[in-house]
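K.L.:
Following is a predicted model, sequence given first.
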2 protein chains.
Amino acid sequence: MEKFLELLNEQYRLENEQIKILLNAFEKVDIQKSEFLLLAGNVARKVYLVDKGVIRVFSDDGNQESTRRIAFENEFATSFDSFINQTPSSESIQALEEGILYELSYINVRKLNETVPAWRAFYINRIEQAFTLHYGRIEAFQSMTAKERYDALISQRPQMIARLSNKVLASYLGITQESLSRIKSKV
Amino acid sequence: MEKFLELLNEQYRLENEQIKILLNAFEKVDIQKSEFLLLAGNVARKVYLVDKGVIRVFSDDGNQESTRRIAFENEFATSFDSFINQTPSSESIQALEEGILYELSYINVRKLNETVPAWRAFYINRIEQAFTLHYGRIEAFQSMTAKERYDALISQRPQMIARLSNKVLASYLGITQESLSRIKSKV
DNA sequence: ATGCTTTTTTATCATTTGTCAATTTTTAAA
DNA sequence: TTTAAAAATTGACAAATGATAAAAAAGCAT
């Protein structure tokens, strides 16, 4: 949380009054490993800032899981489509490690967008960044093999390999656990 | 362009003064089929609103083309990463049909974001929508076969099949032309 | 530590998709 | 219209990935 405020202050200049408003909008939540923050079918009413731990956004069609987003420390995550339209989510959100989150409700996001210019600029910037992050994944799926996607992930987001189980990592890469196991053994 | 202004007015209420500012920010451009609006290596300085025709954003690694985004009438497109960071683009933008565009410079986007609240709300909304659109593609790549992605595209964006060549469509779906040809013949 | 559950690995075989090459069809230019 | 270029189709084969099953390894609760 401190790091987040630092960043915000650095880039967008915060007045003390605004810092207070911001801090009031967030709520601290302790999470246990494997705990669900959102179950598919419900509306995503919060966006989460990870203070400590890892969370994942994923869907499960009964046959296979697809991990859409992994958020580590100082990253935001939610089931975005559900959150911005406040409609039922097709995705669930789950903690992968014990940790601490700061959650922000939909209403507070919209309020902050109206009332705190620094937050608004930050919000726009975050969505732009999130867009390019996910855009990169489309590039990967369009033009790379599973092995190439894995190698790219190692160099771009090493935490992904270090902190995630093969099962989750495989579902993020869009392949089966067995394929991932083979890819890893192929040097 | 009219339709775009209508939409903006409907959803965000525009004053006459603001309409003038907006109209001045856009510039009309006639485009020929196959014409390049941006060549990879250059900075994307404009975002394009398609008034008539179709444009595509794609990359070409020398070996294969990957079509990242197709924009039809009343849709916006640019090489997003390059545009928001004003850094050289790895993508090119090309017209697929003769048509008419309205282009908006990076500077004007940022200016409008500061000065026209209706535009700003619209801009945020567009990025949010663009995000969910591309997010849907990740879902497709993660959990569907090429045939399933093709079928989904037929029902969700029939224009894609109707107006694009197989070559472009295949590169959008992330498969070879040959595979697409076989998928189509499989009923 | 012990036993149970989950994850990971390994093997075999099936399916999907890619590659390469040739042919047909379509498009565009002279 | 004629001709050349580009795109689409088809076939044969190769490579990548999935499905299923079984065994080994790791994690977790008691």
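P.N.:
On my side now, so go ahead. Numbers count the residues shown, from 1 in each chain, chains lettered A, B, ... in the order given.

K.L.:
could you show me where the strands are in chain A, in order?
P.N.:
Under the criterion DSSP state E, chain A contains strands at A:26-31, A:36-38, A:46-52, A:55-60, A:65-71, A:76-77, A:92-95, A:99-105.

K.L.:
Would you enumerate the residues in contact with the residue nearest the centre of chain A?
P.N.:
Centroid-nearest residue in chain A: residue A:77, 3.1 Å away (criterion: CA atoms, centre = their mean). Taking CB atoms under 8 Å, 6 or more residues apart in numbering or on different chains, we find residue A:77 in contact with A:47-48, A:50, A:55, A:57, A:69-71, A:93. C-beta: built from backbone N, CA, C; applies to glycine.

K.L.:
phi, psi of residue A:96?
P.N.:
Backbone torsions of residue A:96, given as degrees, to the nearest 10, read phi -100, psi -10.

K.L.:
measure the spatially closest residue to it that is not a sequence neighbour to DNA strand D for me?
P.N.:
Distance criterion CB to CB, 6 or more residues apart in numbering or on different chains; nearest residue to residue A:96, sequence neighbours excluded, is residue A:54 at 4.4 Å. Distance of residue A:54 to DNA strand D, computed by CB to the nearest atom of the strand, to the nearest Å: 13 Å.

K.L.:
does residue A:54 really touch residue A:165, like I thought?
P.N.:
No. The criterion here is CB atoms under 8 Å, and residue A:54 misses it with residue A:165 at 10.7 Å.

K.L.:
quick one: the closest residue to residue A:75 other than its chain neighbours from DNA strand C, how far?
P.N.:
Computed as CB to CB, 6+ apart, the closest residue to residue A:75 that is not its neighbour in sequence is residue A:50, at 5.6 Å. Using CB to the nearest atom of the strand, residue A:50 is found at 20 Å from DNA strand C.

K.L.:
neighbours of residue A:50, just the number please.
P.N.:
Other residues near residue A:50 come to 23 when the count uses other CB atoms under 10 Å in any protein chain shown.

K.L.:
Report the beta-bridge partners for it.
P.N.:
residue A:101 (DSSP bridges).

K.L.:
Isn't residue A:131 up against residue B:80?
P.N.:
Yes. In this structure, residue A:131 is within contact of residue B:80 by CB under 8 Å, at 6.4 Å.

K.L.:
residues from chain A in reach of chain B?
P.N.:
Residues of chain A found near chain B (CB under 8 Å from any CB of the partner chain) are A:59, A:61, A:64, A:66, A:68, A:80-81, A:84, A:113, A:123-124, A:127-128, A:130-132, A:134-135, A:137-139, A:141-143, A:171, A:174.

K.L.:
PyMOL command for the buried members of these?
P.N.:
A single PyMOL command suffices to select whichever of the residues of chain A next to chain B are buried according to 16 or more other CB atoms under 10 Å in any protein chain shown:
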select buried, chain A and resi 59+66+68+80+81+84+113+123+124+127+128+130+131+134+135+137+138+139+141+142+143+171+174
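
K.L.:
And stretch A:40-59, end to end?
P.N.:
The first and final residues of stretch A:40-59 sit 8 Å from each other (CA to CA, to the nearest Å).

K.L.:
Buried residues, that stretch. List them.
P.N.:
A:40, A:44-51, A:53-59.

K.L.:
Show the contacting residues for the residue nearest to residue A:75.
P.N.:
Applying CB under 8 Å, 6+ apart, we find residue A:50 in contact with A:71-77, A:99, A:101.

K.L.:
if we take the residues you listed, which one ends up nearest to residue A:159?
P.N.:
residue A:72 (5.6 Å; CB to CB).

K.L.:
what's near enough to touch the closest one?
P.N.:
Contacts of residue A:72 by CB under 8 Å, 6+ apart are A:50, A:54, A:159, A:163.

K.L.:
Would you mind giving those residues as JSON lines with pLDDT added?
P.N.:
Formatted as JSON lines, these follow (pLDDT from 0 to 100):
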{"residue": "A:50", "pLDDT": "97"}
{"residue": "A:54", "pLDDT": "97"}
{"residue": "A:159", "pLDDT": "94"}
{"residue": "A:163", "pLDDT": "95"}
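
K.L.:
Alright, that wraps it up for me.
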